[in-house]
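Asks: What shape does this take:
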Amino acid sequence: MNLSSAVFLFLAGLAGGTANGIAGGGTFFVFPALLFTGMPAVPANATNSVALWPGLAASTRAFWPRLNASRRVLMALVIGGLLGGLSGAILLIRTPADIFVHLMPWLMLTATVVFAMGSRIGARINGAGKPLDSSTAKLAVTVFFEFLLAIYGGYFGGGIGILLLALFSTVGLRDIHEMNALKIMLVTIINGVAVVTFIIARAVYWPQALVIIVGAITGGHFGALLSQRLPAAWVRGFVLLVGTSVTVYFFLRHG
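Replies: Residues are numbered from 1 along each chain as shown. This is a model prediction of the structure:
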């Protein structure tokens, strides 16, 4: 890795960490940057997850005061995230990443549309706007779909934050900052178990990862603080912008 590549990857990490701290989508800065420097797809995917994880952890700390969910809800979501993230990471190691990448445009299109219409959809759902633990059935359904998203998160992870926000919006959550806090916590957990799996499997390119980590930690903390000072409408707008941009990118590249 030469100096120009190191600077390029640091800036990608800074942008990716900031994006994750605000609304998600950091993978779509870092993963293409790793591919651009010549790294194969599967190691680039694993290195991307490892490099962005410290930034996510920094964002989680900044968002901690916004976590208002009950212990029952948090434990259920954490377990779903851990099991799904581990399953996805093992799946990545054992299968070619290109297969799943070709599904990305459609997944991102669906997530972006669902998030854009989330308020209208949620208003039609029984119990919309109430806490997730207002009924056991509502919490169980939420955790089931979160588990499925966590499998994807452990496998590839690009846009997982937007997918989780789409889920939270659909089940009736309304406070964008509370949704972001839950999202950041769960993405950190999902990616964390995947990171451990990738490290054990020796799938990580450490020199590139360490450069990105420095940028991602800085960007993650800055993005989390910035998102809490922005109007909710601006944050939602940024989520939609990221979702639309990522969808177009993957349709052009893999559609």
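
Asks: can you pull out the strands in the protein?
Replies: Here the chain has no strands by DSSP state E.

Asks: Show me the helices in it, by range?
Replies: Remark: helices assigned in the chain by DSSP state H are 3-22, 27-36, 41-63, 71-94, 97-101, 104-116, 118-123, 136-155, 160-170, 176-200, 206-229, 232-254.

Asks: Just say which of the ones you listed is most tucked in.
Replies: Of all the helices of the chain, helix 160-170 carries the top mean neighbour count, a mean of 26, counting by mean count of other CB atoms under 10 Å. The C-beta positions use only the backbone N, C-alpha and C, and glycine is treated the same way.

Asks: What helices and strands are in contact with that one?
Replies: helix 104-116, helix 118-123, helix 136-155, helix 176-200, helix 232-254 (3 or more CB pairs under 8 Å, 6 or more residues apart in numbering; DSSP states H and E).

Asks: what's the closest of those to A46?
Replies: For the helices and strands packed on helix 160-170, proximity to A46 was assessed by CB to CB; helix 176-200 is nearest, at 3.9 Å.

Asks: got the angle for the closest one vs helix 3-22?
Replies: Note on geometry: by axes from the mean of the first three to the mean of the last three CA atoms, to 10 degrees, helix 176-200 and helix 3-22 are set 140 degrees apart in direction.

Asks: what's the nearest residue to W64 if we skip its chain neighbours?
Replies: Nearest non-adjacent residue to W64, counting by CB to CB, 6 or more residues apart in numbering: A181, 7.5 Å away.

Asks: So the one you found sits against A62, correct?
Replies: No. Using CB atoms under 8 Å, A181 is not in contact with A62; the gap is 9.3 Å.

Asks: Identify the residues contacting A89.
Replies: A89 is in contact with 154-155, 193-194, 197-198, counting by CB atoms under 8 Å, 6 or more residues apart in numbering.
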